[in-house]
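Engineer: how would this look folded up:
(one chain, ligands or ions: 1)
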Amino acid sequence: MDVFKVSGNGPLHGQIEVGGAKNAALPILAATLLTEETVVLRNVPDLSDMRFMLEILRHVGAETVQPEPGTWEITSKKITHVAPYELVRKMRASVCLLGPLVARMRKAEVSIPGGCVIGPRPIDLHIKGLKKLHCQVDISNGYVHVDASAIKGGPIFLGGRSGSTVTGTANIVMAATLAPGTTRLECAACEPEVVDLCQMLVKMGAKIEGIGSPELVITGVDKLHGCEHSVIADRIEAGTFVIAGAITRGDVTVKGIAPKLLGAFLDKLEEAGLPMELGEDYIRVLPFTGSLKPVDVITLPHPGYPTDLQAQLGALMTQTEGLSIITERIYPNRFMHVPELQRMGADISIEGPSAIIKGASKLSGAPVMASDLRASAALILAAFAAEGDTWIQRIYHLDRGYERFEHKLAAIGAKIERLSDKEMPKELLEE
Ligand code: EPU
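Structural biologist: Numbering: from 1, shown residues only. Coordinates of the predicted model:
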């Protein structure tokens, strides 16, 4: 297995380019099943999660061609309605197949994805939405079975305990595009990735009003057609690079991202006193002296502060003088990186849904274990600020969602290497 060796770093300098968004590309890939015509997708990141989704699409019957890196031509002439456990278990986002299968096949059998380290990931809202579309939904033997022969639009309130659902909204919008009548979806997710999906669906001939707002009105059409679409930039990758610049006190220009996609995140960093220059399609982090200010932040659905940038901000706050409070409202267990940061010397205590971070701590390199995608990124960021070497294991989590992460960061001066665990000092290896 691969590991990262990350060494304490001086300031990073230079330009770093953002790729296509994983969380937009996943439902967009699923949406290609909505038509028998060819869909051409560009700016698709090269990630293990994309490979899982493409594998499932091929299993269902899609033909996939990659004419050049980042571009996929997908044609789904004849498809089946079954997504089996062997494939679905590899990735939670495969639940996004439900909407397109229901819409096109009028039936679906999709295995229920397994648990997840960041907390419960229920799909009750997806099911509620489908029922409101007059589908019959049964759960048996670990599968969701949907009979959508009577599918019909209607009013749906899709909010749950934590507000809107991103993949739930994607599923119901996709299902409604080909459902007779009008679907009025309230408490729809407003994440830029959902907007990107809706814009692609409109290119395919879908009728969707209110895109980007919490109320979407979808008027069903008989057929969707092929289109060309370029996936939106990854705001979470961009935010991670912004923090890499800040934590090393570097001068880093994160290119290919519209700052307006990161409103709440940039607002917090401004409040912390991080000097930045914002352009139309870039964010430049400028060097600073002294300490940033601590922050009090709560993760919320968009346009609130994103949970996917919670762990990375925590890493930065270990280097900020004073008490920061980071409250996680979306995923209760999303603090798995905290014990690892503590092993590096961070002063963090967990109080209910909040991490109380007392900075600035002198961090030192240690062998640590990545537990999920964003936790992996947080550990690497902390390692930049630590003295000595940090060995990060289980980096397959990172490979799910960051494309060429170590190459991009090494190009602006980061000391990060991907090695085989055989090259890791034996006494540091996990049992
Ligand atoms: N929820 C329910 N019932 C449901 C669905 C969700 O109660 O049926 C709850 C969840 O438990 C959670 C909240 O609603 O508390 C929001 O979950 P949501 O459904 O929005 O999450 P998701 O669609 O499963 C996507 C991203 C996540 C990201 C979240 C929140 C994809 C493929 N995944 O997940 O990305 O954290 O939205 O923004 O789009 C990541 O990239 O690291 C990642 C985990």
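
Engineer: now the strands for the stretch 151-300 of the chain?
Structural biologist: Under the criterion DSSP state E, counting those that start in this stretch, strands of the stretch 151-300 of the chain are mapped to 155-157, 182-186, 207-209, 215-219, 228-230, 251-255, 276-278, 282-285, 296-298.

Engineer: Need those in CSV (columns: mean pLDDT and distance to the ligand).
Structural biologist: Any C-beta I mention is one placed from the backbone N, CA and C, and that applies to glycine too. Below are those laid out as CSV (pLDDT from 0 to 100; distance: least, C-beta to the nearest ligand atom, whole Å):
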stretch, mean pLDDT, distance to the ligand
strand 155-157, 98, 13
strand 182-186, 98, 14
strand 207-209, 98, 18
strand 215-219, 98, 15
strand 228-230, 98, 17
strand 251-255, 98, 18
strand 276-278, 98, 23
strand 282-285, 98, 19
strand 296-298, 98, 13
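
Engineer: Residue 383 is nearest to which of those strands?
Structural biologist: strand 251-255 (16.6 Å; C-beta to C-beta).

Engineer: For the host helix or strand of residue 391, which outside residues touch it?
Structural biologist: Using DSSP states H and E, residue 391 sits in strand 389-393. Contact with strand 389-393 is made by 1, 3-8, 344, 365-370, 376, 379-380, 382-383, 421, 424-425, 428-430, as judged by C-beta atoms under 8 Å, 6 or more residues apart in numbering.

Engineer: avg pLDDT for that strand?
Structural biologist: Strand 389-393 carries an average pLDDT of 94.

Engineer: Report the backbone C-alpha coordinates of that strand in CSV.
Structural biologist: Below are the C-alpha coordinates for strand 389-393, written out as CSV (Å, rounded to 0.1, in the frame of the first residue of the first chain):
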residue,chain,number,x,y,z
ASP,A,389,8.6,13.9,8.9
THR,A,390,5.0,12.7,9.0
TRP,A,391,4.2,9.3,7.6
ILE,A,392,0.5,9.1,6.5
GLN,A,393,-1.0,5.7,6.0
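
Engineer: Name the strands paired with it and say parallel or antiparallel.
Structural biologist: Sheet pairing of strand 389-393 (DSSP bridges) gives strand 2-7 (antiparallel), strand 367-369 (parallel).

Engineer: What are the buried residues along the shortest one?
Structural biologist: By neighbour count with 16 or more other C-beta atoms under 10 Å, strand 367-369 contains the buried residues 367, 368, 369.

Engineer: do the first one as well
Structural biologist: Neighbour counts using 16+ other C-beta under 10 Å place 2, 3, 4, 5, 6, 7 of strand 2-7 among the buried residues.
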